[in-house]
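J.: Output the structure for:
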Amino acid sequence: MRPGAGTFAATRERGAILFIALIVLVAMSLAGIALMRSVDTNVLIAGNLAFRQGATAGGDRGIEDARAWITGNPALLTDDQPNNAAFYWANWQQSLDLVGNNPDPTIANYDWAAPDPKDLGLDSAGNRVQYVIHRLCDKAGAPQPPVQCVKSALAASPGTGPGGSNVVQPVGGGNVNMGTSVLYRVTVRVTGPRNTVSFVQAVMN
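T.: Model prediction:
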């Protein structure tokens, strides 16, 4: 070994490889953190979508309960029922916003926290189901003038059914033995886990 060779080699080692390795390590660490955050966000979004779909599916319970109430209480359908069945109104309450997204200050928001809606309690998935029914008429009373109602798009043909009864001709053809009927709007609000809120509406006769 020549004199001074070790000193010359030591002076050339500046630690460049170590510096580059540290930069690569920091970059890989940042990429790993970003990947973990992305995975967590995707899992959270998927969970929220699952809760929302579950809440929307829970609306079927309210729709079916409302249908049973409408068919089982024909004597109560011509008038508002603020006491007997506070969730039923014989008019469409045009100045009422059931969802709470209308910016018009003259339209009031429906208070789902009040005792007015029908509350079915919690289902097996932890969703609270509530609903309110509106008859699609401009005011209470029998569904004939001066009360204006929205009715199903069926046209009666007199004298063509058994015993000379009316046979309803629905759109698209075919005979249905029923009279033209008033329509009812059912609005269901489902409140689920993680503050999930879903609205479902159905129109039935």
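J.: show me the contacts for Gly121.
T.: Arg128, Val129 (CB atoms under 8 Å, 6 or more residues apart in numbering). Backbone N, C-alpha and C define where each C-beta goes, glycine included.
J.: distance between the helix or strand hosting it and the chain's centre?
T.: Per DSSP states H and E: Gly121 is located in strand 118-122. Relative to its chain's centre, strand 118-122 lies at 16 Å (CA atoms, centre = their mean, to the nearest Å).
J.: same check, this time on stretch 82-98
T.: For stretch 82-98 - counting by CA atoms, centre = their mean - the centre lies 20 Å from the chain centre.
J.: And stretch 102-111, by the same measure?
T.: With CA atoms, centre = their mean as the basis, stretch 102-111 stands 19 Å off its chain's centre.
J.: On the C-terminal side of the helix ranked longest in the chain, identify the next helix or strand.
T.: Counting residues, the longest helix in the chain under DSSP state H turns out to be helix 16-72. Using DSSP H and E, the next helix or strand after helix 16-72 towards the C-terminus is strand 88-89.
J.: just checking, next helix/strand downstream of that next one?
T.: That would be, after strand 88-89 and using DSSP H and E, strand 96-97.
J.: can you give me the angle the longest helix of the chain makes with strand 118-122?
T.: On the basis of axes from the mean of the first three to the mean of the last three CA atoms, to 10 degrees, helix 16-72 is oriented at 130 degrees to strand 118-122.
J.: Check which element follows the helix or strand bottoming out on mean pLDDT in the chain along the chain.
T.: Using mean pLDDT, DSSP states H and E, the weakest-scoring helix or strand in the chain turns out to be strand 167-170, at a mean of 44. For strand 167-170, the following helix or strand on the C-terminal side (DSSP H and E) is strand 184-192.
J.: what comes up buried for that following strand?
T.: Neighbour counts over strand 184-192 (16 or more other CB atoms under 10 Å) mark Tyr184, Arg185, Val186, Thr187, Val188, Arg189, Val190, Thr191, Gly192 as buried.
J.: Just give the strands next to that strand in its sheet, each with its orientation.
T.: strand 128-135 (antiparallel), strand 196-204 (antiparallel) (DSSP bridges).
J.: what's the offset of it from the middle of its chain?
T.: Distance, stretch centre to chain centre, for strand 184-192: 8 Å (CA atoms, centre = their mean).
J.: which residues are contacting that strand?
T.: Residues outside strand 184-192 that contact it (CB under 8 Å, 6+ apart) are 51-52, 54-56, 58-59, 62-63, 66-67, 70, 77, 92, 98, 112, 117, 125-136, 196-205.
J.: Mind giving me the ChimeraX select for those residues, buried ones only?
T.: To isolate the buried ones among these in ChimeraX, judged by 16+ other CB under 10 Å, type:
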select :51,52,54,55,56,58,59,62,63,66,70,77,92,98,112,117,127,128,129,130,131,132,133,134,135,136,196,198,199,200,202
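J.: I'd like the distance between Ser95 and Gln148.
T.: 16 Å (CB to CB, to the nearest Å).
J.: Surely Ile133 and Trp89 touch.
T.: Yes: taking CB atoms under 8 Å as the definition, Ile133 is a contact partner of Trp89 at 7.1 Å.
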